[in-house]
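[1] Sequence unavailable; structure follows:
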Ligand SMILES: *Cc1c(COP(=O)(O)O)cnc(C)c1O
């Protein structure tokens, strides 16, 4: 695809604009085609729509440049995660988060109950706990920062330990994004994302990806997609690449807004605790600074009020949307424990806040009016 670039010399802002372009030629298109085909004339490298198409390749190239590995895209983040678990044989031991993303923990609990995998659930930010669980494990499945506790895992240390004990080390880097960390550069075998979130960035599609530098893992994950069939449509891939063009700008702005709002919330007497690694007071601040290139744009905060009031607060916003999901241009929040599958280690009064790219003072005014509307004072 895109030729003539030394990707390593380009910054993320330039990579997202330049990567995944069709070959330059007179009257050639700047953007890949949305190839709506289930099949192709015989004799070429693709052959059939479940095996590949131009829009997938373009998006895969762009994410590969950002993460420094080879990418396979999937129909959702969960499809990408499932393909990674499918690398493990029946009954294999996997070390994973007890309070990570609820979709992943729910799937792992079910696989554990069905004896498909033996899951050792640990508190990932507690490094000692992770190290103790590692012997005999075939996979170390990490997520950092964790969703929705916004806790930072000591990735350099636990990745190295996982490799040493022979695990395949996987990092769900959805909340961090490639602007903040590159798991493969930190030694992980696999980085994965829910592309639904920051990378595509507009809350309009679902998509996932697996990135690796290990040829054998790449082949096996490709086979899992080819025969498992969890493929995205060409249109979704195209829309994700369109969104990715502004990823660096969106992420910069969202991070600035998040830092400012975290500081204001921290000073607010109606707030019990703000979880944001960018705050000097956050227990994970030093750890985050030691290996992350930023602090992301996800804040979780606990409000001094009862549940009904907090639900009212979330529902009273006009600029911020009360909804699940994250990583879009629009600010979204929700009380996480409204979901039955959310880990009970997450406090009932915790609001997860995906900070968007709106004007920060407008967002702050919206938050203020929500406190008032819910009579929280
Ligand atoms: C949303 C999310 C997922 C799942 O991705 P989908 O695209 O919704 O399937 C996985 N991990 C994390 C951290 C997420 O936030």
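    Sure, I can see it. Quantities reported herein were computed from a predicted structural model and do not represent experimental measurements.

[2] would residue 254 count as being in a helix?
    Yes. Counting by DSSP: H, G, I helix; E, B strand; the rest coil, residue 254 is located in a helix.

[3] Report how many residues lie close to it.
    By the criterion of other CB atoms under 10 Å, residue 254 has 26 neighbours. Yep, even glycine has a C-beta here, placed from its N, CA and C like the rest.

[4] The residue nearest to it when sequence neighbours are not counted and residue 333: what is the separation?
    Excluding the flanking residues, the one nearest residue 254 by CB to CB, 6 or more residues apart in numbering is residue 297, at 3.6 Å. Separation of residue 297 from residue 333 (CB to CB, to the nearest Å) stands at 12 Å.

[5] Common neighbours of these two, please.
    Common contacts of residue 297 and residue 333 (CB atoms under 8 Å, 6 or more residues apart in numbering): residue 354.

[6] Which residue of the two possesses the greater neighbour count?
    For residue 297 versus residue 333, the count of surrounding residues by other CB under 10 Å is larger for residue 297: 32 against 24.

[7] Residue 320 touches residue 351, doesn't it?
    No. If you go by CB atoms under 8 Å, residue 320 and residue 351 don't touch, sitting 10.0 Å apart.

[8] List the residues that are in contact with both of the two.
    In contact with both residue 320 and residue 351: residue 333, using CB under 8 Å, 6+ apart.

[9] isn't there a helix covering residue 273?
    No. Looking at residue 273 with three-state DSSP, it is strand, so not inside a helix.

[10] Now whatever residue of the stretch 101-250 of the chain ends up closest to the ligand: closest residue in space that isn't a chain neighbour?
    Residue nearest to the ligand within the stretch 101-250 of the chain: residue 194 (3.0 Å; CB to the nearest ligand atom). Using CB to CB, 6+ apart and skipping residues adjacent in sequence, the residue nearest residue 194 is residue 77, 2.7 Å away.

[11] Repeat that for residue 140.
    Per CB to CB, 6+ apart, closest to residue 140 is residue 162, 3.6 Å.

[12] phi, psi of the one you found?
    Dihedral pair for residue 162: phi -60, psi -40, per degrees, to the nearest 10.

[13] For the stretch 101-250 of the chain, which segments are assigned as helices?
    102-113, 127-133, 155-164, 215-228, 234-244, 247-267 (DSSP state H, counting those that start in this stretch).

[14] wait, does the first one make contact with the ligand?
    Yes. Taking CB under 6 Å from any ligand atom as the criterion, helix 102-113 and the ligand are in contact, through residue 103.

[15] For that helix, which residues meet the burial criterion?
    102, 104-108, 111-112 (16 or more other CB atoms under 10 Å).

[16] same thing with the fifth one?
    Neighbour-count burial for helix 234-244, counted by 16+ other CB under 10 Å, picks out 234, 236-244.

[17] show me what contacts whichever residue of the chain sits closest to the ligand?
    Nearest residue of the chain to the ligand: residue 77, at 2.2 Å (CB to the nearest ligand atom). By CB under 8 Å, 6+ apart, the contact set of residue 77 is 103, 174, 192-197, 206-208.

[18] Of the residues you listed, which belong to strands?
    Residues of the contacts of residue 77 located in strands (DSSP state E): 192-194, 208.

[19] Show me which residues of the protein sit near the ligand.
    Residues of the chain lying near the ligand (CB under 6 Å from any ligand atom): 76-78, 101, 103, 143, 147, 172, 174-175, 194, 196-197, 206, 208.

[20] Show me just the buried residues among those residues.
    76-78, 101, 143, 147, 172, 174-175, 194, 196-197, 206, 208.
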